[in-house]
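A.B. asks: Next one to model:
(2 chains)
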Number of protein chains: 2
Amino acid sequence: MKINKNYDNLVPSYLFAEIAARTNAYIKANPDKRVIKLGIGDVTLPLAPVVIDALKKGADELGVKETFKGYPEYEGYDFAREAVAGYYQRNGVTVAPDEIFISDGAKSDTGNIGDIFGADNVVMVTDPVYPVYVDSNIMAGRKIVYASCTRENGFLAMPDDHVQADIIYLCSPNNPTGAAYNADQLKAWVDYANKNDAIILYDAAYEAFITDDCPRSIFAIDGARTCAIEFCSLSKTAGFTGTRCGYTVIPKELVRDGHNIHDLWYRREATKFNGVSYPVQCAAAAVFSDEGLAQIRESLNYYKENARIIASALDELGIYYTGGKNSPYIWLECPNGMGSWEFFDYLLRNAQVVGTPGEGFGKCGEGYFRLTSFGDRDNTIEAVERIKNLLK
Amino acid sequence: MKINKNYDNLVPSYLFAEIAARTNAYIKANPDKRVIKLGIGDVTLPLAPVVIDALKKGADELGVKETFKGYPEYEGYDFAREAVAGYYQRNGVTVAPDEIFISDGAKSDTGNIGDIFGADNVVMVTDPVYPVYVDSNIMAGRKIVYASCTRENGFLAMPDDHVQADIIYLCSPNNPTGAAYNADQLKAWVDYANKNDAIILYDAAYEAFITDDCPRSIFAIDGARTCAIEFCSLSKTAGFTGTRCGYTVIPKELVRDGHNIHDLWYRREATKFNGVSYPVQCAAAAVFSDEGLAQIRESLNYYKENARIIASALDELGIYYTGGKNSPYIWLECPNGMGSWEFFDYLLRNAQVVGTPGEGFGKCGEGYFRLTSFGDRDNTIEAVERIKNLLK
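C.D. replies: The predicted model follows:
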């Protein structure tokens, strides 16, 4: 028997292992020093009370014969899909409940969506990039082309009519750079996709961090319904990284290669997925209630303020960065021409602050560095003071 | 852009839609008749109290900063993996916790496992068959061969040295036939797989229904650790169809085509999955506690007694069947040479009992019929009385 040989083409990722190794070695050698981690990509604040109540109410219903729930619909309960549709409506975007698939997270769906596409498509990703887009397509044997994100384009790659791509991953606000497309920029991508018979896989996992007028959904853009699939997540929006719930939107009019893409994905889900846990869907719906939205706003504001504190310090220091405003991530140019691992070591040894070297996310990340706003407020303030003292 | 053309080879399944249509038409035309459904493949009894408590305790932990949980390990929390390993140990099988992957259900994993295998493998499934095995491999473009299950082999196909298969799906106790392999029969499959460089994908979702000495795990068989992957589910064991949790076991010594299969699956999961919800994993671990096992036994015994009631009636009537003892399913030969849809209509019109026509599960299901034990006790008894009156 043969394994999937494409797996041999995967590059092992040692990024976070290497960060942990260097950090732990430093701590061991300097037990008196207090190291602050601003590299963390996971939320730290608890779920909102209304969400916990919904989770527990859902659990209780499973304990009583009359309210017990068996197999869920593959695409999610109507109440959850309607809650998501209502959330879109609040943000000025109309999406029908039956265009929404409740998922166990944006990562699963951005990874699995490739199942319905041919192996001979050309995939475009930005560089730097969230590794799931790359690895899941290497596993499928697809050719991948990279759209460079640099200081010149504000880490927001734009379409190039000379490059033919069939499947285009866009993440906005971006992980890792925090840069967010405005409406005009997204319109250019939508036009490119419609013109070139391509599909945009739009990862909006960080939409809740948008504070200015950047679109929170690609479906705010004219023409997106004929070329885009959107992936969203409650992980960062409502602290669901451990609770696991997201949603994927496929407009009914999205057709490629003579096939309705919504129907193809439904068939995929009906065969290789069996829906999301009932109490988790109850919790997700609670997020989008008035009370839920008010409660999650507190956590979002906490992270946003952390991001603002970091960004302000970089402004003071005159260091170039993206993100910090529409994003929990701050992506900065390493000072004094340092390489990203060089700056990692420099910051660890001299300020006892841990971040993430940009080159871990792709070639264009070389010379850049990611800080995140998911830490504790006091630690964030102290880390920023140390960075200012070191680099001023 | 091109879609995955293999999807064009999928055959739409109208089985349950057709059952619903015929049933609803009958009910509409005969509003005075009380129809009893014994076709249901979903559990109906609520979760055990200790499981609900664990779900809610897990939820509460997510609401407090000190006990909040972020991203889970892709392969599951240690406490959940240890609980599963302990359950195996109780059943006399040793499996290491780090060979266990906690999943969101056996269906997802039996559907997705193909990701790590080449498209050029030959897949063997039994006929009749659980449709997920077939459809997920059609999606991947693999050649499928069928091992016929008939009255002659007791609906337990055995390996044939003249047939070369690389990937072999076995489900025991079987869905839909309820037939269960004994140790000698499983040993023959294990020997075939080891000799032919094949992998057995062993679906043990119904192991908790085994009452005689049939193995509850393929890893009870010598040699299985070098040729088998086992998929289990809490759906039928503990009523988790709506809660969503299962587990997959890949022995560390399973190597094919020069690759460690455990490592390949880990890489797949790390890329295209992000672990199971924390409260759900708490609930799963609670199932395998002493208290949990005692509580789920009550529901299992309820379903098993329903199965015994149905099987006894068929014994009385002299109708051939498989299952009923080690399984919630009873697979019977339609009386008087009726076809399976013919018998469906006959039973609906004359006894107001709904079951599942066997041909919906494959060619060898023609002339057979599935009843299930997941219904209410009183309804099961009444349905059985009606069947006896009709067919005696």
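
A.B. asks: now the longest helix along chain A, how far from the centre of its chain.
C.D. replies: What stands out as the longest helix in chain A, according to DSSP state H, is helix A:290-317. Centroid separation for helix A:290-317 versus its chain: 17 Å, with C-alpha atoms, centre = their mean, to the nearest Å.

A.B. asks: and what of stretch A:185-199?
C.D. replies: 21 Å.

A.B. asks: If you count neighbours, what's buried in that stretch?
C.D. replies: Neighbour-count burial for stretch A:185-199, counted by 16 or more other C-beta atoms under 10 Å in any protein chain shown, picks out A:185, A:186, A:187, A:189, A:190, A:192, A:193, A:196, A:198, A:199. All C-beta spots, glycine's among them, are computed from the backbone N, C-alpha and C.

A.B. asks: As a check, name the ranges of all helices in the stretch 101-250 of chain A.
C.D. replies: Assigned by DSSP state H, counting those that start in this stretch, the stretch 101-250 of chain A shows helices spanning A:106-112, A:131-139, A:183-195.

A.B. asks: In its sheet, which strands sit next to the very next helix or strand once past the longest helix of chain A, and in what direction?
C.D. replies: Taking DSSP states H and E as the definition, the helix or strand that follows helix A:290-317 towards the C-terminus is strand A:321-323. Paired with strand A:321-323 in the same sheet, following DSSP bridges, are strand A:329-333 (antiparallel).

A.B. asks: Next, the angle from the partner strand to helix A:290-317.
C.D. replies: 10 degrees (axes from the mean of the first three to the mean of the last three C-alpha atoms, to 10 degrees).

A.B. asks: quick one: residue A:140 from residue B:65, how far?
C.D. replies: In this structure, residue A:140 lies at 40 Å from residue B:65, with C-beta to C-beta, to the nearest Å as the measure.

A.B. asks: More neighbours: which of those two?
C.D. replies: Between residue A:140 and residue B:65, counted using other C-beta atoms under 10 Å in any protein chain shown, residue A:140 has the larger neighbour count: 18 against 9.

A.B. asks: list the buried ones in stretch A:196-216?
C.D. replies: Neighbour-count burial for stretch A:196-216, counted by 16+ other C-beta under 10 Å, picks out A:196, A:198-210, A:214-216.

A.B. asks: hang on, the earlier thing: and the longest helix of chain A, what other elements does it pack with?
C.D. replies: The contact analysis (3 or more C-beta pairs under 8 Å, 6 or more residues apart in numbering or on different chains; DSSP states H and E) places helix A:290-317 against helix A:49-62, helix A:278-287, strand A:321-323, strand A:329-333, helix A:377-391.

A.B. asks: Can you tell me which of the ones you listed is packed in deepest?
C.D. replies: helix A:278-287 (a mean of 28; mean count of other C-beta atoms under 10 Å in any protein chain shown).

A.B. asks: Just the mean pLDDT for it, thanks.
C.D. replies: The average pLDDT for helix A:278-287 rounds to 98.

A.B. asks: Do any residues in that helix lie close to chain B?
C.D. replies: Yes: using C-beta under 8 Å from any C-beta of the partner chain, a contact is recorded between helix A:278-287 and chain B, made by A:278, A:279, A:280.

A.B. asks: Show me how far that helix is from its chain's centre.
C.D. replies: 20 Å.

A.B. asks: Taking helix A:49-62 as reference, get the angle to it.
C.D. replies: Relative orientation of helix A:278-287 with respect to helix A:49-62: 150 degrees, computed using the same axes, to 10 degrees.

A.B. asks: Could you name the helices and strands sitting against helix A:278-287?
C.D. replies: Contacting helix A:278-287 under the criterion 3+ C-beta pairs under 8 Å, 6+ apart are the following elements: helix A:49-62, helix A:78-90, helix A:290-317, helix B:278-287.
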